[in-house]
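K.L.:
Okay, here's the prediction I keep looking at, along with the sequence it came from:
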Amino acid sequence: MMHKQIFRTAMALAAAGLAAQAAHAQSSVTLYGIVDAGFTFTNNQKGEKAYQATQGNVQGSRWGLLGTEDLGGGNKVMFKLENGFSLETGAAGQGGRMFGRSAWVALVNDKAGTITLGRQYNSVQDYLSNLQINGVGAMSQYGNAIYDNDDINNTYRTNNAVKYTTPTYAGFTANAMYAFSNTAGEFANNRAWSVGADYVNGPLRLDAAYSLVNQPATSTAGAAPSDNYYSASSSIISGVKRNQVWGAGGAYVFGPATVALLYTNSQFQLLTGGSLRFANYEASLKYQLTPAALLALGYIYTTQNASGTTATNAHYNQVSVGGEYFLSKTTDLYLNGIYQRSSGSKAWVEGISNPSSSNGQFVTVAGIRHKF
């Protein structure tokens, strides 16, 4: 009887040990995505009206895998693989990359923070996107700053990046990122770094960030690859020697309304000499009219200062009005109108295929978005 009791106790302890190991080794993988498509009308693209089937208007269409494994002791491993694609053509986005939106693995400790390695967003995108006009809701990408000069609309993402993010202390979170050139003998060529911070306390949110890229787009191997950066086909920005962006802003929630203010400053030193400098002043309002209806209003004033022969001094005023109606928690309909008026240069709303032939451009977009 004693031997049987000892055997049963040993088996129980072994089972308990295995259960504890299993608890520490719990892992999961989640498949998720967004599909977003609609129709866009532009009153003037190179002097002509344009009627276009468009996708990724409010959010880029995507599918992804998010995985986590609990290592125990407050430690876990996470990974994210996110593909961007065109819903209209089925083609991969971000230069044809399989996981062009994100591809990273991370080691997380509850007390020490998170280290992330791979293709990812910089600190400006991480934090200032919380305050941009389409970031506060109901607005499409067309509401963002001209040429996406501050990269908050994700014209490019950063390769070869190592990022550290602190735990959240009393509402405060910060991160820092460094991205390698990955080219022998050219350590400082096409490398990048950024820092940023975020503070959330009840209805108040404050964000600030800075990013720098040296010699971007000199190859496909570096931090800012040449096949996924600014180009003359979609903006006046090309041939960049050094690109830095900084900005700060805040948001406050008043019951059903959210007000946000954001300032960003973007500087591009050019390989041909001279520079392009942009200052963007954004203000936006989001109002939850009913549980199913969301309205938004945005305004951006941008100054463009150019030295050299590639561009001129200019400024832009842009107003955006939008609304969403939620058919369910995961599906909504949207309608936006955006008008930009320029001085010193032709108008060109961000995300539109071609500039206006004049100093004015009006865009309206309607569509449907579904999340899964």
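P.N.:
Yep, that arrived.
K.L.:
What is the neighbour count of residue 122?
P.N.:
30 (other Cβ atoms under 10 Å). C-beta: built from backbone N, CA, C; applies to glycine.
K.L.:
ok, it touching residue 176?
P.N.:
No - Residue 122 is beyond contact range of residue 176, at 10.1 Å (criterion: Cβ atoms under 8 Å).
K.L.:
Mind listing the shared neighbours of these two?
P.N.:
Residues touching both residue 122 and residue 176 (Cβ atoms under 8 Å, 6 or more residues apart in numbering) are residue 194.
K.L.:
For the stretch 51-200 of the chain, just list every one of the helices.
P.N.:
With helices called from DSSP state H, counting those that start in this stretch, the stretch 51-200 of the chain shows them at 123-128.
K.L.:
now residue 92, nearest residue through space, not along the chain?
P.N.:
Using Cβ to Cβ, 6 or more residues apart in numbering and skipping residues adjacent in sequence, the residue nearest residue 92 is residue 85, 5.4 Å away.
K.L.:
got it, and residue 249?
P.N.:
That would be residue 262: by Cβ to Cβ, 6+ apart, it lies 3.5 Å from residue 249.
K.L.:
From residue 319, how far out is the one you found?
P.N.:
16 Å (Cβ to Cβ, to the nearest Å).
K.L.:
between these two, who's got more neighbours?
P.N.:
Taking other Cβ under 10 Å, residue 262 and residue 319 do not tie; residue 262 has more neighbours (27 against 14).
K.L.:
What separation is there between the more buried one and residue 248?
P.N.:
Taken as Cβ to Cβ, the span from residue 262 to residue 248 is 8 Å.
K.L.:
so what sits against both of the two?
P.N.:
Jointly contacting residue 262 and residue 248 under the rule Cβ under 8 Å, 6+ apart are residue 128.
K.L.:
Pairing partners for the lengthiest strand in the chain, with directions?
P.N.:
Among the segments of the chain that qualify as a strand by DSSP state E, the longest is strand 27-45. Partners of strand 27-45 in the sheet, by DSSP bridges, are strand 48-55 (antiparallel), strand 62-72 (antiparallel), strand 360-371 (antiparallel).
K.L.:
Mind putting the ones you listed into TSV with mean pLDDT and distance to residue 193?
P.N.:
TSV is the format used below for the strands paired with strand 27-45 (pLDDT from 0 to 100; distance: least, Cβ to Cβ, whole Å):
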stretch	mean pLDDT	distance to residue 193
strand 48-55	97	33
strand 62-72	97	26
strand 360-371	97	33
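K.L.:
Deepest-packed of those strands, please.
P.N.:
Comparing the strands paired with strand 27-45 by mean neighbour count (mean count of other Cβ atoms under 10 Å), strand 360-371 comes out on top with a mean of 19.
K.L.:
Could you find the closest non-adjacent residue to residue 91?
P.N.:
residue 85 (6.6 Å).
K.L.:
Tell me the pLDDT of the one you found.
P.N.:
Residue 85 is assigned a predicted lDDT (pLDDT) of 96.
K.L.:
Please tell me how far it sits from residue 37.
P.N.:
12 Å.
K.L.:
neighbour count winner among these two?
P.N.:
Counted by other Cβ under 10 Å, residue 85 and residue 37 do not tie: residue 85 has more neighbours, with 22 against 17.
K.L.:
on that earlier part again, correct me if wrong: the residue nearest to residue 92 contacts residue 64.
P.N.:
No - applying Cβ under 8 Å, one finds residue 85 not in contact with residue 64, separated by 11.0 Å.
K.L.:
ok, back up a step: can you tell me which residues contact the residue nearest to residue 249?
P.N.:
By Cβ under 8 Å, 6+ apart, the contact list for residue 262 reads 128, 131-132, 247-249, 280-284.
K.L.:
Determine whether the claim that it is in a helix is correct.
P.N.:
No - assigned with DSSP: H, G, I helix; E, B strand; the rest coil, residue 262 falls outside any helix and is strand.
K.L.:
For it, name its beta-bridge partners.
P.N.:
residue 249, residue 282.
K.L.:
check contacts around residue 33.
P.N.:
61-64, 371-372.
K.L.:
Kindly report the same for residue 77.
P.N.:
68-69, 71, 105-108.
K.L.:
now swap in residue 140 and tell me
P.N.:
Residue 140 is in contact with 57-58, 134, 322, 334, 336, 338, 351, 365, counting by Cβ under 8 Å, 6+ apart.
K.L.:
so can I have CSV of the residues you listed showing distance to residue 143?
P.N.:
Listed next are the contacts of residue 140 as CSV, based on distance: Cβ to Cβ, whole Å:
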residue, distance to residue 143
57, 10
58, 10
134, 5
322, 7
334, 11
336, 7
338, 6
351, 9
365, 10
